[in-house]
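# here's a sequence, model it:
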Amino acid sequence: MQRGARATFLLERAGWSRVSEGGRFGDSQPLYNCWLSLSGRTEDEVLARMSRAWRKNLRRAERDGVEVLDGTRADLPEVHRPHLETVERLGLQAQSLSYFENLWDAMASGGPGRFHMVIARHEGELISAYATSTVGRRAQGIFSVSGSHKRDLKGSNAVYRGIIAHALADGAEYFDIGGVADSLAESAAESGVLRYKIELGCEAREYVGGWELPLIAPMHRAFGALPPLYARLSQLRADLGRRRATARQARV
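Below is the predicted model:
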């Protein structure tokens, strides 16, 4: 905490300014990350700290035949499909299949830490996946995907159980499941993501966040007008993605 405050002070004194995402989760270094404490706890104790709704979703996934398995590189083409649905739903930037293949090759073949990808399948269909790398005492979330099809089976909840089991086996003391928007207000645009992570049993930790140093002030002001427009377009794209997903589910 003292190191973070010191870094913030030095950045401000040098003329840097914090990058605000305007209550949305953007592309810069997140200001808030969510940590799940694992230190000194068994898997059952970690599960007991989840909300009642989370535990109910885990039981439902198991009851409805969702299988939680360790994924392999051969699963990546299937992982890529729900990734495209996820980014469309959230209005984020999509990554190519080669991105996931390169990531796997770098991290699963002697890369830093112990890499795991857990997938959820229902009747053979991949419906969700989550990947982490554990280095030292920290398990870090790398990516998470969940398709629109069969979302009611709670595969996105189920994969966390497998990932938590791996993190505990690796000796991790906490699990960083990634960032949330730079506002913790209930009314924030992405408060649903925050609630999802908090009900998992996480707590929000404040980081230094993203910072920038304007070198050419007029150009900086001009480009500064673009993020609100981009955020609006992303919101429209996310709304369109949700409507398409609803329409697809209605046709099934």
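# excluding chain neighbours, what is closest to L58?
Leaving aside its sequence neighbours, L58 sits nearest to N157 (Cβ to Cβ, 6 or more residues apart in numbering; 5.6 Å). Backbone N, C-alpha and C define where each C-beta goes, glycine included.
# point out where the stretch 51-200 of the chain drops to low pLDDT.
Along the stretch 51-200 of the chain, segments meeting pLDDT under 70 span 90-91, 110-111, 186-189.
# for the residue nearest to L58, give me its contacts.
W54, N57, L58, A61 (Cβ atoms under 8 Å, 6 or more residues apart in numbering).
# let's see 10 Å
Neighbouring residues of N157 by Cβ atoms under 10 Å, 6 or more residues apart in numbering: 50, 53-61, 66, 120, 128, 146, 196, 199-200.
# what's the answer for L58, then?
When contacts are counted by Cβ under 10 Å, 6+ apart, L58 touches L47, M50, V66, V68, K154, N157, A158, Y160, R161.
# list the ones among those residues that fall in strands.
Mapping the contacts of L58 onto strands (DSSP state E) picks out V66, V68.
# now restrict the contacts of L58 to buried residues only.
The neighbour-count criterion (16 or more other Cβ atoms under 10 Å) marks L47, M50, V66, V68, K154, N157, A158, Y160, R161 among the contacts of L58 as buried.
# tell me which of these is nearest to P30?
Y160 (19.3 Å; Cβ to Cβ).
# which residues sit in contact with that closest one?
Residues in contact with Y160 (Cβ under 10 Å, 6+ apart) are 36, 46-47, 50, 54, 57-58, 68, 118, 120, 128, 130, 141, 144, 167, 175, 177, 200-201.
# coming back round to it: now the contacts of L58 as a markdown table including distance to G40?
A markdown table is the format used below for the contacts of L58 (distance: Cβ to Cβ, whole Å):
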| residue | distance to G40 |
| --- | --- |
| L47 | 15 |
| M50 | 17 |
| V66 | 29 |
| V68 | 24 |
| K154 | 28 |
| N157 | 24 |
| A158 | 25 |
| Y160 | 19 |
| R161 | 19 |
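# among the contacts of L58, which lie within helices?
Among the contacts of L58, the members found in helices (DSSP state H) are L47, N157, A158, Y160, R161.
# burial count for L69?
L69: 15 surrounding residues under other Cβ atoms under 10 Å.
# so what's it closest to, chain neighbours aside?
Using Cβ to Cβ, 6+ apart, the closest residue to L69 is I119 (5.5 Å).
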